[in-house]
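> Requesting a structural model of the entry that follows:
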Amino acid sequence: MSDATSPNESPDFDAMTRDIAEVPAVEVIVTVAVNLMSAAAVKLGLTEDAEEHKDLDEARKLVHALAGLLDASTTEISSFHAAPLRDGLKSLQLAFREASLVPDEPGQGPGEKYTGPVYG
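Okay, the predicted model is just below:
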């Protein structure tokens, strides 16, 4: 159990709200983006247990969501944060294209609506 709960009581939502209130928006955006990247990498089979977790349909959704988040937050986060996230997104898009038995047409892959075509 975490410090916010004990076995017989509910979570301390006031404490959680205070914790969230102290986190800058850019940090929340970057954290969500990294979580999407990590989940997409797992679903693309880029981990040690590659085939056990590989699911291209799920990976497509995660990569598309990541691209949308990065597109929407471009003006809100600095290039210091945005550049590595964009590089990671492109790597995931290329990995998706390589993993697909029938690759999407250029511009039709996951997230390419936001990034433009990714060639590999």
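> OK, contacts around the spatially most central residue of the chain?
Nearest to the mean C-alpha position of the chain, counting by C-alpha atoms, centre = their mean, stands L36 at 1.8 Å. Taking C-beta atoms under 8 Å, 6 or more residues apart in numbering as the criterion, L36 is in contact with 62-63, 65-66, 69. Any C-beta I mention is one placed from the backbone N, CA and C, and that applies to glycine too.
> how about JSON lines for those, with pLDDT, secondary structure and neighbour count added?
What follows is those, written out as JSON lines (pLDDT from 0 to 100; DSSP: H, G, I helix; E, B strand; the rest coil; neighbours: other C-beta atoms under 10 Å):
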{"residue": "L62", "pLDDT": "98", "secondary structure": "helix", "neighbour count": "24"}
{"residue": "V63", "pLDDT": "98", "secondary structure": "helix", "neighbour count": "28"}
{"residue": "A65", "pLDDT": "98", "secondary structure": "helix", "neighbour count": "17"}
{"residue": "L66", "pLDDT": "98", "secondary structure": "helix", "neighbour count": "26"}
{"residue": "L69", "pLDDT": "98", "secondary structure": "helix", "neighbour count": "18"}
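> which one among these gets closest to D14?
Out of those, the one with the shortest distance to D14 is L69. That distance is 28.3 Å, counting by C-beta to C-beta.
> Tell me the spatial nearest neighbour of that closest one, not counting adjacent residues.
Sequence neighbours aside, A33 is the residue nearest to L69 in space, at 5.8 Å (criterion: C-beta to C-beta, 6 or more residues apart in numbering).
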